[in-house]
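Undergrad: got a structure for you, letters missing:
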């Protein structure tokens, strides 16, 4: 009987508490704990730099979407499947895989992370106002960049500016192309606003005010072209319903966006110059510090492999006239 009582007591102790020592789990961090730690918050924003644009390795595919290049019509992936491009079969919703892809699922995952940063960073304790502004500037800049990346593929899409959960409605209506561009430009403007509240220049490799101005200028130019096409009635000639065509119409004229593109580009002109020796950008350990670098991509040698939009066509590549007859010297 005594042994049974001891066993019962042990069982009661085990069942009453899974952590009898009162020690917090050491292999996980709760959300509230995470956002109360300045260093973890910095790490959260750093992840944005690891997500390259969806088209980073699609240099020639991008040319095929224009009229600058034409691949073969068969479906061999080494010919870039021109037939599939002509039929817009790169749509991920059609389950086409291989070289043909477009951001949707991953794009919104990235946007959600940016939304979460924008929502939670204002509450993070133990950081200076300048550090907070820097983190928010980066978060807004990347959200604009993520939307700009998706706009190149889709044109119209739902705009989501809060971190949604499984309890939120996800069947959202598409926003117009004008609204998408305005959201992108608004995010860039918000980033610029926060950059002006910082007291120190961002560390080398972090996105900076000049880089955001360049990105804003590029998106504003694209918006101007779309607004001009709308004014000319070009979107009315597209196939589809009248309702879908309405999503491509602009209420603002092209000059509204051209002016933004001009102002953004002008703010950067004169701050940078061409490197006197172009090879320094690639053949030296200080290329990232070149007078030409507006926003240098920082990575170590181990992470550099395969990160090149020209990886399929460079010397020793396997497509588009690759050759082994070359000199590694740029001069």
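TA: Here it is on my side, so go on. Here the structure is a predicted model, which means the values were calculated and not measured.

Undergrad: what about the helices in the stretch 201-331 of the chain?
TA: Under the criterion DSSP state H, counting those that start in this stretch, helices of the stretch 201-331 of the chain are mapped to 209-231, 242-246, 254-266, 280-283, 301-304.

Undergrad: where does the chain have low pLDDT?
TA: 1-23, 52-103, 298-331 (pLDDT under 70).

Undergrad: and residue 191, that one's in a strand?
TA: No - secondary structure of residue 191, determined by DSSP: H, G, I helix; E, B strand; the rest coil: helix, with no strand assignment.

Undergrad: Would you check how far apart it and residue 216 are?
TA: 9 Å (Cβ to Cβ, to the nearest Å). For every residue, glycine as well, the C-beta is placed using N, CA and C.

Undergrad: Identify the contacts common to the two.
TA: residue 144 (Cβ atoms under 8 Å, 6 or more residues apart in numbering).

Undergrad: what about the strands in the stretch 1-150 of the chain?
TA: Taking DSSP state E, counting those that start in this stretch, the stretch 1-150 of the chain contains no strands at all.

Undergrad: ok, which stretches of it are helices?
TA: Counting by DSSP H, counting those that start in this stretch, the stretch 1-150 of the chain has helices at residues 2-16, 31-34, 38-46, 59-65, 82-86, 105-120, 129-154.

Undergrad: Check which helices and strands the second one is in contact with.
TA: Right, the one you point to is helix 31-34. If contacts are counted by 3 or more Cβ pairs under 8 Å, 6 or more residues apart in numbering; DSSP states H and E, helix 31-34 sits against helix 38-46.

Undergrad: May I see the buried residues of the helix it packs on?
TA: 38, 41, 44, 45 (16 or more other Cβ atoms under 10 Å).

Undergrad: so the third one touches residue 114, yeah?
TA: No - if you go by Cβ atoms under 8 Å, residue 44 and residue 114 don't touch, sitting 10.2 Å apart.

Undergrad: Overlap of the contact sets of these two?
TA: Listed contacts common to residue 44 and residue 114 are nil; contacts here mean Cβ under 8 Å, 6+ apart.

Undergrad: wait, which of the helices of the stretch 201-331 of the chain is closest to residue 200?
TA: Judged by Cβ to Cβ, the one of the helices of the stretch 201-331 of the chain that comes nearest to residue 200 is helix 209-231, at 12.2 Å.

Undergrad: quick one on the thing from earlier: rebuild the helices of the stretch 201-331 of the chain as JSON lines, extending it with distance to residue 166 and mean neighbour count.
TA: Compiled in JSON lines, the helices of the stretch 201-331 of the chain are given as follows (distance: least, Cβ to Cβ, whole Å; neighbours: other Cβ atoms under 10 Å):
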{"stretch": "helix 209-231", "distance to residue 166": "31", "mean neighbour count": "21"}
{"stretch": "helix 242-246", "distance to residue 166": "29", "mean neighbour count": "11"}
{"stretch": "helix 254-266", "distance to residue 166": "37", "mean neighbour count": "17"}
{"stretch": "helix 280-283", "distance to residue 166": "46", "mean neighbour count": "13"}
{"stretch": "helix 301-304", "distance to residue 166": "33", "mean neighbour count": "8"}
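
Undergrad: would you turn those helices into TSV with distance to residue 138?
TA: Listed next are those as TSV, based on distance: least, Cβ to Cβ, whole Å:
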stretch	distance to residue 138
helix 209-231	9
helix 242-246	35
helix 254-266	18
helix 280-283	24
helix 301-304	20
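
Undergrad: what about those, which gets the closest to residue 30?
TA: Ranking those by proximity to residue 30 (Cβ to Cβ) places helix 301-304 first, at 29.9 Å.

Undergrad: Next up, phi/psi of residue 157, please.
TA: With angles defined as degrees, to the nearest 10, residue 157 sits at phi -170, psi 160.

Undergrad: I figured it hits residue 179, correct?
TA: No - using Cβ under 8 Å as the test, residue 157 is too far from residue 179 to be in contact (9.7 Å).

Undergrad: neighbour-wise, which of these two wins?
TA: Legend: neighbour count by other Cβ atoms under 10 Å for residue 157 and residue 179, higher for residue 157 (22 against 15).
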